[in-house]
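>>> next come a sequence and a model predicted from it.
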There are 2 protein chains.
Amino acid sequence: MDVTGDDLLKMLTALSNQHRLRIVGLLSVERDYVSRLAGRLGMSRPLLHMHLARLEAAGLIEGSLELSADGKAMKFFEVTPFALHLTPESVAEAVKTLSDDRRGDGDEK
Amino acid sequence: MDVTGDDLLKMLTALSNQHRLRIVGLLSVERDYVSRLAGRLGMSRPLLHMHLARLEAAGLIEGSLELSADGKAMKFFEVTPFALHLTPESVAEAVKTLSDDRRGDGDEK
DNA sequence: GACAGGTGTCAGAGAATTCTGTCACGTGAT
DNA sequence: ATCACGTGACAGAATTCTCTGACACCTGTC
């Protein structure tokens, strides 16, 4: 199986946003650092920071702090090669492992 | 090619919810009608109605009003056999056809 | 020191989504 | 007529998400 239902939901939530979809699109072509990315997307750094954090929490992208030649700390982000195959069956499979924060999920048939 | 960026975003938004994921999971096994589904999911009919509308708007499920043997009008829902393959590349491809609806939606096709 | 360009974080307003009420309509059985 | 069971739709509260502004830190250069 692919992922647990919780992880799937987190990934879908992370991708259900225009900006974050665009971020993944850009990073899948070329890795980039925060400030430049903000300029290319036309959004503020704090906002981009939040979106990046969401994507990273979902495991879709990964960031690494690096030092440029002139000593500036730059955080580069790149996509992780995820592959989500979404079908009614795979969703049904993932739902079985969804954490239920309402009540105990029994074996309802 | 899969779908347009707009449609992809709509599908992802529709699936980025615990309840709606569960609905798809149940319906992929067995088609069902609204009231019974509400009972199985433990949610109110109005709420379920909203979630179903969202899923149907995204093209993930489809409803049809049918008449039972005893004359009651029942709306049955079933999943449409969607297949979304999500990878960094497919996202990048879909992003190209994302509509820029920041404000006045002008020249959309 | 002052500046530029990189990083991150916080509080709070604004907007969208989620959820709960309650209501109305239709049909068949009591 | 009243009840049970199906449908749909409407306001309004509660919650979450989105976004902006201002702040603090670090390093190298003028």
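Yes, it's here. Numbers count the residues shown, from 1 in each chain, chains lettered A, B, ... in the order given.
>>> tell me who's in contact with the closest residue in space to A:Val29 that isn't next to it in sequence.
Residue nearest to A:Val29 in three dimensions, not counting chain neighbours: B:Ala92, with 6.1 Å by Cβ to Cβ, 6 or more residues apart in numbering or on different chains. In this view, the C-beta of every residue, glycine as well, is placed from N, C-alpha and C. Going by Cβ atoms under 8 Å, 6 or more residues apart in numbering or on different chains, B:Ala92 touches A:24-26, A:28-29.
>>> tell me the one of these nearest DNA strand C?
Distance to DNA strand C across the contacts of B:Ala92 (Cβ to the nearest atom of the strand) is lowest for A:Leu26, with 14.1 Å.
>>> and the residue in chain A that DNA strand D sits nearest to, which of the three is it?
Closest residue of chain A to DNA strand D, Cβ to the nearest atom of the strand: A:Gly71 (2.9 Å). When classified by DSSP: H, G, I helix; E, B strand; the rest coil, A:Gly71 comes out as coil.
>>> list the buried ones in the helix or strand hosting A:Pro46?
Here A:Pro46 sits within helix A:45-57, counting by DSSP states H and E. Going by neighbour count (16 or more other Cβ atoms under 10 Å in any protein chain shown), the buried part of helix A:45-57 is A:48, A:51-52, A:54-55.
>>> strands of chain A, start to end?
Listed in chain order, the strands of chain A (DSSP state E) span A:32-33, A:61-67, A:73-79, A:84-86.
>>> A:Ile23 touches A:Leu55, doesn't it?
Yes - counting by Cβ atoms under 8 Å, a contact exists between A:Ile23 and A:Leu55, whose distance comes to 6.4 Å.
>>> contact residues of chain A facing DNA strand D?
Counting by Cβ under 7 Å from any atom of the strand, chain A comes close to DNA strand D at A:13, A:17, A:19, A:43-47, A:50-51, A:54, A:70-73.
>>> one more pass at 10 Å, please.
By the rule Cβ under 10 Å from any atom of the strand, the part of chain A lying against DNA strand D is A:10, A:13-14, A:16-20, A:38, A:42-51, A:54, A:67-73, A:101.
>>> what's the residue closest to the geometric middle of chain A?
A:Leu55 (2.6 Å; Cα atoms, centre = their mean).
>>> tell me the bridge partners for the closest residue to that residue other than its chain neighbours.
Distances taken as Cβ to Cβ, 6+ apart place A:Ile61 nearest to A:Leu55, at 4.6 Å, with adjacent residues excluded. Counting by DSSP bridges, A:Ile61 is bridged to A:Val79.
>>> over to A:His85?
Residues in beta-bridge contact with A:His85 (DSSP bridges): B:His85.
>>> could you check the pLDDT of A:Val79?
For A:Val79, the model assigns a pLDDT of 97.
>>> surely it meets A:Leu60?
Yes - between A:Val79 and A:Leu60 there is a contact at 6.7 Å, judged by Cβ under 8 Å.
>>> quick one on the thing from earlier: now, which of the contacts of B:Ala92 sits nearest B:Leu86?
Comparing the contacts of B:Ala92 against B:Leu86 with Cβ to Cβ places A:Val24 closest, at 9.6 Å.
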